[in-house]
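*Asks:* return atomic coordinates for the entry below.
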Amino acid sequence: MKTYPTITEILKNILTYNKEFPFDVQPVPLRRILAPGEEEHLEFEEDEEESGAGAGSPDSFPARVPAKYETYLMRKSTLLPRLPSEPGMTLLTIRIEKIGLKDAGQCIDPYITVSVKDLNGIDLTPVQDTPVASRKEDTYVHFNVDIELQKHVEKLTKGAAIFFEFKHYKPKKRFTSTKCFAFMEMDEIKPGPIVIELYKKPTDFKRKKLQLLTKKPLYLHLHQTLHKE
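*Replies:* Alright, predicted model coming up:
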């Protein structure tokens, strides 16, 4: 006569990895999405990996991050709608077209975090994440997505800048990391296309110690549209 596991046995085995159980209950690895600045503590480990550390080496995995930064779910975009227009005020739509990277095809689940900071690195608007890139082709990651600036241009403080952080998933590290960043200053807000340079991580919101990512002609390609009543 065939016997079946009791409720107690099922509950016990769900919490452990046992291939001999009636079905494989091996836990699914967690994806770690780090809070702004959190990944900077892991930069030295990621650099070791990129310079040749093997997956089985002692430095292959970062120290555990707080549980609140862990998720089983795929990340979702946090794009916000355009603000209501005001007489005499200007709204800005930035279309993120594509970013040039020598290893574009190797980036997993890439997306861009957009923020507006003052000279001290303080947020002036809500931070927005794009959806995952639409496609990767040659040395480009394509997005073709619109970002609506969440403040009228005239209301931005002097010296403010719009930051674009390119992020991608690191399977060996099991967390999402910033690969590089770019920024656009207020005097660059003009209708039409613009390409801006890419800088090495960690993101320097105060713009004090900037280092170009590469000498190759690879940039972030944007298109700006100004709306004014």
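
*Asks:* where does the prediction get shaky in this structure?
*Replies:* 1-5, 7-75 (pLDDT under 70).

*Asks:* now the strands: where do they sit in it?
*Replies:* Using DSSP state E, the strands of the chain run over residues 31-33, 70-71, 90-100, 108-117, 128-129, 135-137, 140-148, 161-170, 175-185, 192-197, 199-200, 219-228.

*Asks:* measure stretch 191-201 end to end?
*Replies:* Using CA to CA, to the nearest Å, the end-to-end distance of stretch 191-201 comes to 28 Å.

*Asks:* circling back to that earlier point, of the strands of the chain, which is nearest Leu79?
*Replies:* Nearest to Leu79, of all the strands of the chain, is strand 128-129, at 5.5 Å by CB to CB. In this view, the C-beta of every residue, glycine as well, is placed from N, C-alpha and C.

*Asks:* need the contact partners of the closest one.
*Replies:* With contacts defined as CB atoms under 8 Å, 6 or more residues apart in numbering, strand 128-129 is touched by 75-80, 111-115, 147, 150.

*Asks:* name the nearest of these relative to Phe175.
*Replies:* Nearest member of the contacts of strand 128-129 to Phe175, counting by CB to CB, is Arg75, at 11.6 Å.

*Asks:* pick the most buried one from the strands of the chain.
*Replies:* Neighbour counts (mean count of other CB atoms under 10 Å) averaged over each of these peak at strand 161-170, with a mean of 22.

*Asks:* that one relative to strand 90-100, how many degrees between them?
*Replies:* On the basis of axes from the mean of the first three to the mean of the last three CA atoms, to 10 degrees, strand 161-170 is oriented at 40 degrees to strand 90-100.

*Asks:* CA atoms of strand 161-170 as PDB?
*Replies:* What follows is strand 161-170, C-alpha atoms only, in PDB (Å, rounded to 0.1, in the frame of the first residue of the first chain):
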ATOM      1  CA  ALA A 161      22.500  67.900 -12.400                       C
ATOM      2  CA  ILE A 162      20.500  65.000 -13.800                       C
ATOM      3  CA  PHE A 163      22.200  61.600 -13.200                       C
ATOM      4  CA  PHE A 164      21.900  58.400 -15.200                       C
ATOM      5  CA  GLU A 165      23.200  55.300 -13.500                       C
ATOM      6  CA  PHE A 166      23.500  52.200 -15.700                       C
ATOM      7  CA  LYS A 167      22.800  49.100 -13.600                       C
ATOM      8  CA  HIS A 168      22.900  45.400 -14.400                       C
ATOM      9  CA  TYR A 169      22.600  42.100 -12.600                       C
ATOM     10  CA  LYS A 170      25.700  40.200 -11.500                       C
END
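
*Asks:* and the angle from it to strand 219-228?
*Replies:* Going by the same axes, to 10 degrees, strand 161-170 is angled at 130 degrees with respect to strand 219-228.
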